[in-house]
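Asker: Okay, here's the prediction I keep looking at, along with the sequence it came from:
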Amino acid sequence: MSSLTLDAEALYLELLRQMQQLMATYTELPLLVGVASGGAWLAERLQADLGLPDDIGTLSSSMHRDDFAKRGLASSGQTLLPFDVNDAHLIVVDDVLYTGRTLRAVLNELFDYGRPASVKLVVLVDRGGRELPVQPDLAIARVALPASQSLELARLDGGQFSFRVQDR
């Protein structure tokens, strides 16, 4: 285990504050789409806290992963888009951005459903280590961890968030 301590609840509150500012820049409310599973948890809570309509989406990276042959189908969730993505303004929410490979996979999944007008990426934590040219439009925290460790968002029974740092 690492000695890194991140207060996921404090980071979430800052995400909420900055999302309120971001939403104010749109003339038409964008739709939230969370990356399964941590990003979907964040999107659900943001939707409630921002008072947005109930229709938020979830994107799974399972079918478009470049390591699909090795990993198989992940159990983190499936894609659910209860709205038409064509010409929609979307905000994709994820918990941790690392190599960019999951995001590449979810963007491929998203474009299987249509062509959005715009897509912005919002992440709670950017841990660097990019293998693809992907950058978030908004990152609440930036941390550096060795490649031998993973950083995962956890959701407690009451809906609060915490982080787990684990050795791989």
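Answerer: Yes, it's here.
Asker: L138 contacts L124, correct?
Answerer: No: L138 is beyond contact range of L124, at 9.7 Å (criterion: C-beta atoms under 8 Å). Where you see a C-beta, it was placed from the backbone N, CA and C, and this is true even at glycine.
Asker: what do these two both touch?
Answerer: L15 (C-beta atoms under 8 Å, 6 or more residues apart in numbering).
Asker: In this structure Q166 contacts A154, no?
Answerer: No: assessed by C-beta under 8 Å, Q166 is found out of contact with A154, at 10.8 Å.
Asker: L138 and L124: which has the busier surroundings?
Answerer: L124 (27 against 17; other C-beta atoms under 10 Å).
Asker: Tell me which helix or strand the more buried one sits in.
Answerer: Element membership for L124 (DSSP states H and E) is strand 118-126.
Asker: Between Q166 and A154, tell me which one has more neighbours.
Answerer: Comparing Q166 with A154 by other C-beta under 10 Å, the one with more neighbours is A154, at 14 against 11.
Asker: Is that one bridged to anything, and to what?
Answerer: In this entry, A154 is beta-bridged to S162, by DSSP bridges.
Asker: Now the element after the lowest-mean-pLDDT helix or strand in the chain, going C-ward?
Answerer: Least confident helix or strand of the chain, by mean pLDDT, DSSP states H and E, is helix 68-71 with a mean of 50. As assigned by DSSP H and E, the chain's next helix or strand after helix 68-71 is strand 89-97.
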